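> Quick one: sequence plus predicted model below, questions after.
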Amino acid sequence: MKMIDYSVYLVLDPDLCGGLDGMLRVTEAAMAGGAGVVQLRAPQWKKRQWLDAARALQPLCRQGGAVFVVNDQVDVALAVGADGVHVGQQDLPVAVVRELMGPQALIGLSVNHAGQLAAVPPEADYLGLGPVFATSTKKDAAPVLGLAQLAGLAAATSLPTVGIGGITPDNAGAVFAAGVDGVAVVSAICTAADPAAVTRELYALKGHTA
């Protein structure tokens with residue numbers, strides 16, 4: 001697996017983006033602004049919709065130099081040759097995902113508290129820490145962490161970490177200051193009039209220029 005820039009991690013929501021065409025448009029713009037990872041997350045969709053979207057997004061991400069990750073749906077990830085899979089605490093165990101996806105795949109795991117952090121299996125490549133702030137894009141979201149708890153979790157692991165949940169350009173600087181490697185963003189990019197500009201703004205908050 002190549003070196004991955006987690007700084008801005010785009011999570012695509014089909015409802016917020018306006019369906020598949022909107023997701024493709026947002027993805028292309030976000031990659032132009034510096035997004036290094038793109039995740040397809042559509043729990044409201046049926047499997048065929050996942051597959052159709054992943055088939056379109058995978059080559060687009062490859063062309064744009066971003067890592068393409070599928071949320072939870074290992075079969076879809078395998079079918080399209082996605083770069084990786086992100087799973088939650090109630091999804092397939094990371095060890096099983098690794099066995100299915102192979103040694104080169106990128107596997108992420110959601111973590112909400114120290115107990116979950118202590119139980120992270122060795123097969124995980126990075127961690128999604130959150131929700132940092134209140135969010136409306138994930139109906140079954142765990143309790144909000146806040147910046148202090150986020151900093152504690154980020155400091156307690158050697159794995160790359162990405163903060164997620166309610167992150168916008170207004171608060172992303174504080175999230176980066178908590179010690180994470182990146183910010184995972186849904187609404188602030190998917191609903192933006194200029195997704196590239198928002199992504200570029202987020203990227204700059206970590207000290208980059210895109």
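Here it is on my side, so go on.

> Let me know the average pLDDT across stretch 170-187.
In this model, stretch 170-187 carries a mean pLDDT of 98.

> Okay, buried residues for that stretch please.
The neighbour-count check on stretch 170-187 (16 or more other C-beta atoms under 10 Å) flags 171-172, 174-176, 178, 180-187 as buried. Where C-beta positions appear, they are placed from N, C-alpha and C, glycine not excepted.

> what's the most distant pair in these?
Farthest pair in the buried residues of stretch 170-187 (C-beta to C-beta) is D181 and S187. Separation: 21.0 Å.

> picking that back up, name the nearest of the buried residues of stretch 170-187 relative to S158.
Ranked by distance to S158 (C-beta to C-beta), those are led by D181 at 11.3 Å.

> Find the helix or strand that V175 is a member of.
Element membership for V175 (DSSP states H and E) is helix 172-177.

> so what does that helix touch, helix or strand wise?
For helix 172-177, the packing partners by 3 or more C-beta pairs under 8 Å, 6 or more residues apart in numbering; DSSP states H and E come out as helix 146-155, strand 182-185.

> Can you tell me what sits against the shortest one?
The contact list for strand 182-185, computed with C-beta atoms under 8 Å, 6 or more residues apart in numbering, reads 5-11, 36-37, 39, 128, 130, 160-164, 167-168, 172, 175-176, 202, 206.

> Likewise for the first one?
Applying C-beta under 8 Å, 6+ apart, the set of residues contacting helix 146-155 from outside is 111, 113-114, 117, 127, 129-130, 132-133, 145, 161, 163, 174-175, 177-180.

> so who does the nearest residue to P121 once chain neighbours are set aside touch?
Nearest non-adjacent residue to P121, counting by C-beta to C-beta, 6 or more residues apart in numbering: V94, 4.7 Å away. Taking C-beta under 8 Å, 6+ apart as the contact definition, V94 lies against V87, I107, L109, V120, P121, E123, A124.

> Give me the buried subset of those residues.
Listed as buried from those are V87, I107, L109, E123, A124; burial here means 16+ other C-beta under 10 Å.

> Among these, name the ones in strands.
Among the buried ones among the contacts of V94, DSSP state E puts V87, I107, L109 in strands.

> hang on, L127 in a strand?
Yes - under DSSP: H, G, I helix; E, B strand; the rest coil, L127 falls within a strand.

> surely it meets L109?
Yes - using C-beta atoms under 8 Å, L127 is in contact with L109, at 5.7 Å.

> what is in contact with the two at once?
Contact with both L127 and L109 is made by residues V120, according to C-beta under 8 Å, 6+ apart.

> Can you list the buried residues in the longest helix anywhere in the chain?
Counting by DSSP state H, the longest helix found in the chain is helix 47-64. Neighbour-count burial for helix 47-64 flags W50, L51, A53, A54, A56, L57, Q58, L60, C61, G64 (criterion: 16+ other C-beta under 10 Å).

> I'd like to check the angle between the helix or strand just after that helix and helix 47-64, please.
Scanning forward in sequence from helix 47-64 by DSSP H and E, the next helix or strand is strand 67-71. For strand 67-71 against helix 47-64, the angle by axes from the mean of the first three to the mean of the last three C-alpha atoms, to 10 degrees is 160 degrees.

> how long is stretch 120-130 end to end?
Taking C-alpha to C-alpha, to the nearest Å, stretch 120-130 runs 15 Å from one end to the other.
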